[in-house]
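Chemist: Give me the fold of what follows.
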Amino acid sequence: MAKKKILLLYTGGTIGMVRSEKGYVPDGQSFRETLEAIPDLHYPESPDWELLSFSPLLDSCDIAVNEWNQMGRAIAENYAAYDGFVVLHGTDTMAYSASALSYMLENLDKPVIFTGAQIPLCELRSDGRSNIVNALALAASGRVREVGLYFDGKLLRGNRSTKRSSDQLAAFESPNAPCLAEAGIRMRFFPVPGSPEPEGPFRLQELEEQPVGVLKIFPGIQFEIFEPILTEKLRGVVLEAFGSGNIPSARSSLLHIIDKAYRSGTVITVCSQCVQGEVSLGTYATSQALRRIGAVDGHDMTTEAALTKLIYLFSKGLDQEQVKFQMGRDLRGELTE
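Modeler: The predicted structure follows:
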C-alpha cells in the first residue's frame, strides 16, 4: 500500500523561531534542518512529507486576508498531488486562520490540519515535535476531511477553536463542540455533529479586504463614539454582547445606532462574551430589541468564526440580506442550528 503524501505549509510562528539579540525570530533554513533531524518523521510508519515555506515568514499577528489567500492558493494548487495538508502557524491568530480556511476551501474532501507550538522547535522542551508528528499522522489517517486544529493531544474543528492560554501547552479549546480526535496511545476519532460534506468539486474562494469589525459591549460604554464607524464605514459587525445576547437597556442610543447601521446596509451578528454557551436573542427583554431591529443571532459561534464568515460571505458578492441569512446558518460546522 502506497504511503500517504502530506504537504507541510510553514507560514512562520513560534514553532520555527530561533533565538536572536532581538528575541525569537523566524528562520526558515534552521527550521528545515531541525525538522529533518526529527527521527519520528523518518519512521516507516510516518507518511511521506514535503515542506513548503512561505516568504516572508510571519509572526501570526501579521497574518490576515492576504496570507489566508496565500495559504488557500498553496492548498488549491497542490490539492491533487497530496493526501492532506498540515499548516504550521503561530498560535495568536491560528483560530482566525483555521476559521477562514474552513470557509474558503469549498467542498473540501481532504484533511487540512493547523498546528504550531508554544515553545520553539529549537528548544529542549518544545511541544512542536509531538504536535507536528501527530498532526501528520492525523492528516495521513484519512479520517478527517475538514479543517482542524491540533494541539496538545486534541484535534479540534478549526472554526470551533479559540486560543485559551498564552503559557500552557494546551493552548486551544473548543468550548461549544466536542473534539474531532484525541491522540493518546491510540488515535481515537469521534463523530461530531455538523461535519461538512462536499456537495461538488473542490474550489477555492479567495477573500477580499472587507470593512468589518468587532465591538465588545462593556459596562458604561458610550455608544455615540462608535456611531460614525458603525453607520458609515462597516459592512459587517460582530457585536460581543453579555451572556445570551444582552445589551444595556437603560440607554436607547445603541439600538438607535444599530437600527441606523442596519438600514445603511451593515450586517450585525451578535455573539456572546461567554466562552461557553450560545446567544439566544429574545430570551431576555434586553436582547429582544436586537432581534427586532434586524441583528443576526450568532448562536454558539466564536468571534473568530463569525468575523471570518462575514469576510467570506461578502467576498462571494452576496448582498446584505443574503449575508444576514447565511450568517445564521451552519455552513461548515461552525454553529449549532
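Chemist: only C-alpha atoms for contact and neighbour calcs from this point on.
Modeler: Noted.
Chemist: host element of the most centrally placed residue in the chain?
Modeler: With distances taken as Cα atoms, centre = their mean, the residue of the chain nearest its centroid is residue 99 (2.7 Å). Assigned by DSSP states H and E, residue 99 belongs to helix 94-104.
Chemist: Just the helices from this protein, written as ranges.
Modeler: Ranges of helices in the chain, per DSSP state H, are 28-36, 65-77, 94-104, 128-141, 227-228, 253-263, 285-292, 303-315, 320-327.
Chemist: which of the residues in the fourth one are buried?
Modeler: With burial defined by 16 or more other Cα atoms under 10 Å, the residues of helix 128-141 counted as buried are 128-132, 134-141.
Chemist: Show me the contact partners of that helix.
Modeler: With contacts defined as Cα atoms under 8 Å, 6 or more residues apart in numbering, helix 128-141 is touched by 4-6, 15, 38, 40-41, 46-47, 83-86, 111-121, 144, 150-153, 183.
Chemist: Point out where the protein drops to low pLDDT.
Modeler: The model of the chain has pLDDT under 70 over residues 1, 250-252, 286.
Chemist: So it: which segments form each domain?
Modeler: 5-204, 212-327 (automatic domain parsing).
Chemist: Out of the ones you listed, flag the one nearest residue 335.
Modeler: For these, the distance to residue 335 is smallest for domain 212-327, at 5.2 Å, taking Cα to Cα.
Chemist: Return the distance of that closest one from the chain's centre.
Modeler: What separates the centre of domain 212-327 from the centre of its chain is 19 Å, taken as Cα atoms, centre = their mean, to the nearest Å.
Chemist: Start and end of it, how far apart?
Modeler: Start to finish, the residues bounding domain 212-327 are 14 Å apart (Cα to Cα, to the nearest Å).
Chemist: and if you look at stretch 293-308?
Modeler: Counting by Cα to Cα, you get 23 Å between the two ends of stretch 293-308.
Chemist: returning to what we had before: residue 302 is in contact with the residue nearest to the centre of the chain, correct?
Modeler: No. Taking contacts as Cα atoms under 8 Å, residue 99 lies outside contact range of residue 302: 9.5 Å.
Chemist: Now do the shared contacts for those two.
Modeler: Taking Cα under 8 Å, 6+ apart as the contact rule, residue 99 and residue 302 both touch 159, 160.
Chemist: ok, and the closest non-adjacent residue to residue 194?
Modeler: residue 333 (4.4 Å; Cα to Cα, 6 or more residues apart in numbering).
Chemist: how deep is that neighbour tucked in, by neighbour count?
Modeler: For residue 333, the neighbour count with other Cα atoms under 10 Å is 22.
Chemist: Not counting sequence-adjacent ones, nearest residue to residue 93?
Modeler: Excluding its sequence neighbours, the residue lying closest to residue 93 (Cα to Cα, 6+ apart) is residue 60, at 5.6 Å.
Chemist: who are the neighbours in contact with residue 315?
Modeler: Remark: with contacts taken as Cα under 8 Å, 6+ apart, residue 315 is in contact with 206, 207, 208, 210.
Chemist: what separates it from residue 336, distance-wise?
Modeler: Plainly put, residue 315 is 24 Å away from residue 336 if you go by Cα to Cα.
Chemist: same thing with residue 113?
Modeler: The value you get for residue 113 to residue 336, if Cα to Cα is used, is 22 Å.
Chemist: Compare neighbour counts for the two and give me the winner.
Modeler: In this view residue 113 and residue 336 are compared by other Cα under 10 Å, and residue 113 has more residues nearby, 28 against 16.
Chemist: show me what contacts residue 201?
Modeler: Remark: with contacts taken as Cα under 8 Å, 6+ apart, residue 201 is in contact with residue 107.
Chemist: Go ahead and confirm the residue nearest to residue 194 touches residue 178.
Modeler: No. Using Cα under 8 Å, residue 333 is not in contact with residue 178, being 11.4 Å away.
Chemist: so where do the strands sit in the stretch 101-250 of the chain?
Modeler: Using DSSP state E, counting those that start in this stretch, the strands of the stretch 101-250 of the chain run over 105-106, 112-115, 147-151, 154-157, 162-163, 172-173, 181-183, 187-189, 203-204, 212-216, 236-241.
Chemist: Go through these and name the closest to residue 28.
Modeler: strand 112-115 (16.8 Å).
Chemist: And the contacts of the closest one?
Modeler: For strand 112-115, contacts defined as Cα under 8 Å, 6+ apart pick out 84-89, 94, 98, 131-132, 135, 138-139, 145-151, 158.
Chemist: go on, stretch 68-81?
Modeler: By Cα under 8 Å, 6+ apart, stretch 68-81 touches 5, 9, 85, 97, 100, 101, 104, 105, 203, 204, 206, 207.
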